[in-house]
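*Asks:* give me coordinates for this.
(chains A and B)
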Amino acid sequence: MSEIKNNAPLIEVKDLKQYFNINMGMFRTKPLKAVDGVSFHINKGETLGLVGESGCGKTTVGRTLLHLYKPTAGEIYYKGKLLKSKEDINEFRKKATMVFQDPYSSLNPRMTVADIIGEPLDIQKLTSSAKEREERILELMGHVGLNSEHAARYAHEFSGGQRQRIGIARALAVNPDFIVCDEPVSALDVSIQAQVINMFAELQEKLGLTYLFIAHDLLVIRHVSDRIAVMYLGKMVELADADEIYNHPLHPYSKSLLSAVPVPDPKIARANKRIVLTGDIPSPLNAPSGCPFRTRCPYASEQCAQEMPEFREVSKGHFVACHNLDKVN
Amino acid sequence: MPLLKVQDLHTSFFTDAGEVKAVNGVSFQLERGKVLGIVGESGSGKSVTAYSIMQILASTGKIVSGSIKLDGQELVGAGEAVMKQVRGNKVSIIFQDPMTSLNPTYTIGHQLMEAILLHTDRNKAQAKERAIEMLRLVNINEPEKRMNQYPFEFSGGMRQRIMIAMALACEPDILIADEPTTALDVTIQAQILELMQSLQEELGMAIIMITHDLGVVAQMCDEVIVMYAGAICEQGTTDEIFYNPCHEYTKGLMRSIPTTTTAGTKLHPISGTPIDLLNMPKGCSFAPRCENAMKVCLEKPCEKMIINDEHFASCWMNVKSGYEQGEITLLGKEGGNNE
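*Replies:* Presented below is the predicted three-dimensional model:
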């Protein structure tokens, strides 16, 4: 698989910004900088993991990437072509889809499984006859391990794991190259999680898919990703190969995040020295000046309060945004 | 005498669809100052076990039989007056969702003081002092000012710390933590777990930690109970459960979680879906999903078997692998002859 991964990037994002205007009362609004200047690329056939705590903007990156929100600023390239006009975006949406976090609220309770999976086919007019449509739906259900007898049932008749399979079949309906997986396993039980994670891997191999995999579970992210990006308060703080970032995290936030993961092994857990951060993640409405992490960073200096550190490449493929790398490491 | 002794507890919910046996013969004991983990997937009965101890079940739920002894005092059938003395005073609980377990219309101070005034004979000024002291204990800055604020003014991690403060205000002997960090981010989870650990050492209380996260168990617990379909399938010290699992379900759980070394490999999931409690199989409840199920597993539930002094499991596989070698002793009368 590694040879395809070295090809030109499938998706490239440059300085993406997504601000939401928040109503402050008395006709005043204030921008909430959910995503504030994020750049990355994803190669074909690759899985890029995106981690961070709630409110860091990881879901917004995924949604803005698919133009579910209109980006405030920045450029998105698909196969080297800038997405600009409405037509470009419509074409792109036939090739890029999304799997949502909550398998309970993301499926319409009034629709049968066949209609849920068939809806994208209808919208994009991908089948020409009712028979072809039905065959395609059954094929998709086969991909995700559902039986043909499930087609006429409603979503409430399924367990969480099966519902997530329905959501994945729906995402696959348009024959995508690229899927944004937004916390697809976090609502599932551990024993079911593994089934769904394996299915993502099988589908990737079989259909040559590229994933942006968003999750807060760092062990899941480590398992599925080729490269991992860490976000904090709308900014990307570190991006590197999965092995590299786990073995040599450079940014103080990545370090503490990785050390905070409870390891399912009692001896390692007891010996583990956790770097426990004090305080909470600040509100993105009131983001600190300069580096967003400085309020919780044990190494913060004068410079951190004044300017945002540049997101720079420190070794091949390893990007990090920190002023005090020498002090930290 | 153990602090808490639960024996053959059966709790059912009587629904329109029939009786759901949510807890089906659970026995365990908890010593003073120990941390006991209860793991299992949704619907395994781990929360209902805890709610049965507190007797805070939904109106359709009822303890059908069994005994719960706290410090030697029987709680099953003890009546509301006794339970009011137990709740908060001797046993406290913190819930999974810190966003919804605080009342949004009262200040934090009011809610903290309410618990203290109800359970101790402190007067209002003393209660306030105690509430501030508790907030300080759980690392809330400027507690005097914070007392007058409402829950919406706090973040998720802070609310969970307030819940802990409230639960500990009356110095309970047992703290039940029902998925206390599931709704929180990892760095905040680390803060909360750290806090619980240090408070446990400081105050010497026992903790029942209900979770589905094996990482949290590995870090926090002395002993572990693994539940499946309302029953305990395996029980032992944390090290025994993690390094020598003896029930196929526990083994399956351990295999199915991704770790730092599984990247690029296939995970080994447990097939099938969790059991329907209205439709329990005749034999071992895990047998329909078990890849090593034998004939006996489908026909007969397994008795509790002693693996060693600190380890029990109810799995017929142990008979197959260990009975001949004399490593396994059966508690039941007719156990081993079936294979």
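
*Asks:* mind checking the SS state of the residue in chain A positioned nearest to chain B?
*Replies:* The nearest approach of chain A to chain B comes at residue A:262, 2.9 Å away (C-beta to the nearest C-beta). No exception for glycine: its C-beta is placed from N, CA and C like everyone else's. Following DSSP: H, G, I helix; E, B strand; the rest coil, the label given to residue A:262 is coil.

*Asks:* which residue packs closest to it, ignoring adjacent ones?
*Replies:* residue B:215 (2.9 Å; C-beta to C-beta, 6 or more residues apart in numbering or on different chains).

*Asks:* and the one you found, that's in a helix?
*Replies:* Yes - the assignment for residue B:215 is a helix, going by three-state DSSP.

*Asks:* is chain A contacted by whichever strand or helix holds residue B:145?
*Replies:* In this assignment (DSSP states H and E), residue B:145 forms part of helix B:143-146. No - applying C-beta under 8 Å from any C-beta of the partner chain, one finds helix B:143-146 separated from chain A by no less than 13.5 Å.

*Asks:* other SSEs contacting that helix?
*Replies:* helix B:124-137 (3 or more C-beta pairs under 8 Å, 6 or more residues apart in numbering or on different chains; DSSP states H and E).

*Asks:* for the helix it packs on, what is the average pLDDT?
*Replies:* Helix B:124-137 shows an average pLDDT of 92 in the prediction.

*Asks:* one more: stretch A:216-223?
*Replies:* When pLDDT is averaged along stretch A:216-223, the result is 89.

*Asks:* same thing with stretch A:252-266?
*Replies:* The model assigns stretch A:252-266 a mean pLDDT of 90.

*Asks:* again with stretch B:309-328
*Replies:* On average, the pLDDT along stretch B:309-328 is 75.

*Asks:* stretch B:69-79 now?
*Replies:* 92.

*Asks:* stretch B:14-32 now?
*Replies:* Stretch B:14-32 shows a mean pLDDT of 92.

*Asks:* quick one: contacts for residue 127?
*Replies:* Because you didn't say which chain, this covers chain A. A:121, A:133, A:136 (C-beta atoms under 8 Å, 6 or more residues apart in numbering or on different chains).

*Asks:* that was the other one, I meant chain B.
*Replies:* B:113, B:116, B:117, B:120.

*Asks:* make TSV from these and add secondary structure and pLDDT to it.
*Replies:* Conversion of the contacts of residue B:127 to TSV gives the following (DSSP: H, G, I helix; E, B strand; the rest coil; pLDDT from 0 to 100):
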residue	secondary structure	pLDDT
B:113	helix	93
B:116	helix	90
B:117	helix	91
B:120	coil	84
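
*Asks:* out of the residues you listed, who has the most neighbours?
*Replies:* Per-residue neighbour counts (other C-beta atoms under 10 Å in any protein chain shown) across the contacts of residue B:127 peak at residue B:113, which has 24 neighbours.

*Asks:* any idea how far that residue lies from residue B:125?
*Replies:* Using C-beta to C-beta, to the nearest Å, we find residue B:113 at a distance of 10 Å from residue B:125.

*Asks:* how deep is the closest residue to residue A:260 other than its chain neighbours tucked in, by neighbour count?
*Replies:* Of all residues not flanking residue A:260 in the chain, residue B:190 sits nearest, at 3.8 Å (C-beta to C-beta, 6+ apart). Residue B:190: 23 surrounding residues under other C-beta under 10 Å.

*Asks:* so residue A:36 makes contact with residue A:237?
*Replies:* No - using C-beta atoms under 8 Å, residue A:36 is not in contact with residue A:237, being 11.8 Å away.

*Asks:* between these two, which one's more packed in?
*Replies:* More neighbours surround residue A:237 than the other of residue A:36 and residue A:237, with 26 against 22 (other C-beta under 10 Å).

*Asks:* pretty sure that one belongs to a strand, no?
*Replies:* Yes - according to three-state DSSP, residue A:237 belongs to a strand.

*Asks:* make sure it is actually in contact with residue A:254.
*Replies:* Yes - using C-beta under 8 Å, residue A:237 makes contact with residue A:254 at a distance of 6.7 Å.

*Asks:* so what sits against both of those two?
*Replies:* Counting by C-beta under 8 Å, 6+ apart, the shared contacts of residue A:237 and residue A:254 are residue A:230.

*Asks:* and the residue of chain A closest to chain B, how far is that from residue A:232?
*Replies:* Distance from residue A:262 to residue A:232, by C-beta to C-beta: 20 Å.

*Asks:* can you pull out the low-pLDDT segments for the stretch 1-150 of chain A?
*Replies:* Within the stretch 1-150 of chain A, the stretches with pLDDT under 70 are A:1-7.

*Asks:* near chain B, which residues of it show up?
*Replies:* Residues of the stretch 1-150 of chain A found near chain B (C-beta under 8 Å from any C-beta) are A:53, A:54.

*Asks:* so where do the strands sit in the stretch 1-150 of chain A?
*Replies:* Per DSSP state E, counting those that start in this stretch, the stretch 1-150 of chain A has strands spanning A:9-25, A:28-43, A:47-51, A:73-78, A:81-82, A:96-99. These are given in chain order.

*Asks:* count the neighbours of the spatially closest residue to residue B:237 that is not a sequence neighbour for me.
*Replies:* Residue nearest to residue B:237 in three dimensions, not counting chain neighbours: residue B:310, with 4.7 Å by C-beta to C-beta, 6+ apart. Neighbour count of residue B:310, defined by other C-beta under 10 Å: 13.

*Asks:* same question for the one 3 residues further on.
*Replies:* For residue B:313, the number of neighbouring residues by other C-beta under 10 Å comes to 27.

*Asks:* could you list everything it pairs with in the sheet?
*Replies:* Note on residue B:313: beta-bridge partners by DSSP bridges are residue B:234, residue B:305.

*Asks:* residues in contact with it?
*Replies:* Applying C-beta under 8 Å, 6+ apart, the residues near residue B:313 are B:233, B:234, B:235, B:236, B:246, B:247, B:250, B:304, B:305, B:307.

*Asks:* now the residues you listed in TSV, with distance to residue B:7 and neighbour count?
*Replies:* Converted to TSV, the contacts of residue B:313 look like this (distance: C-beta to C-beta, whole Å; neighbours: other C-beta atoms under 10 Å in any protein chain shown):
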residue	distance to residue B:7	neighbour count
B:233	18	25
B:234	18	28
B:235	14	25
B:236	18	24
B:246	22	24
B:247	21	29
B:250	23	24
B:304	13	18
B:305	18	25
B:307	21	22
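
*Asks:* of the residues you listed, just say which sits nearest to residue B:55.
*Replies:* residue B:235 (23.3 Å; C-beta to C-beta).

*Asks:* OK, contacts around the closest one?
*Replies:* B:28, B:223, B:224, B:225, B:226, B:311, B:312, B:313.

*Asks:* how distant is the helix or strand where residue B:7 lies from the center of its chain?
*Replies:* Element membership for residue B:7, per DSSP H and E: strand B:4-15. With C-alpha atoms, centre = their mean, to the nearest Å as the basis, strand B:4-15 stands 14 Å off its chain's centre.

*Asks:* ok, and what's touching it?
*Replies:* Here strand B:4-15 makes contact (C-beta under 8 Å, 6+ apart) with B:19-30, B:45, B:48-49, B:52-53, B:57-58, B:60-71, B:174, B:206.

*Asks:* same thing with stretch A:293-308?
*Replies:* Stretch A:293-308 has contacts (C-beta under 8 Å, 6+ apart) with A:232-233, A:235, A:237, A:251-253, A:277-279, A:281-282, A:288-292, A:321, A:323-324, A:327-328.

*Asks:* need the strands for the stretch 1-150 of chain B, in chain order.
*Replies:* B:4-15, B:18-30, B:35-39, B:61-70, B:73-74, B:91-94.

*Asks:* what residues does the stretch 201-339 of chain B put near chain A?
*Replies:* So far as C-beta under 8 Å from any C-beta goes, the stretch 201-339 of chain B lies against chain A at B:212-219, B:238-239, B:242-243, B:252-254, B:256-260, B:262-263, B:266-271, B:273-274.
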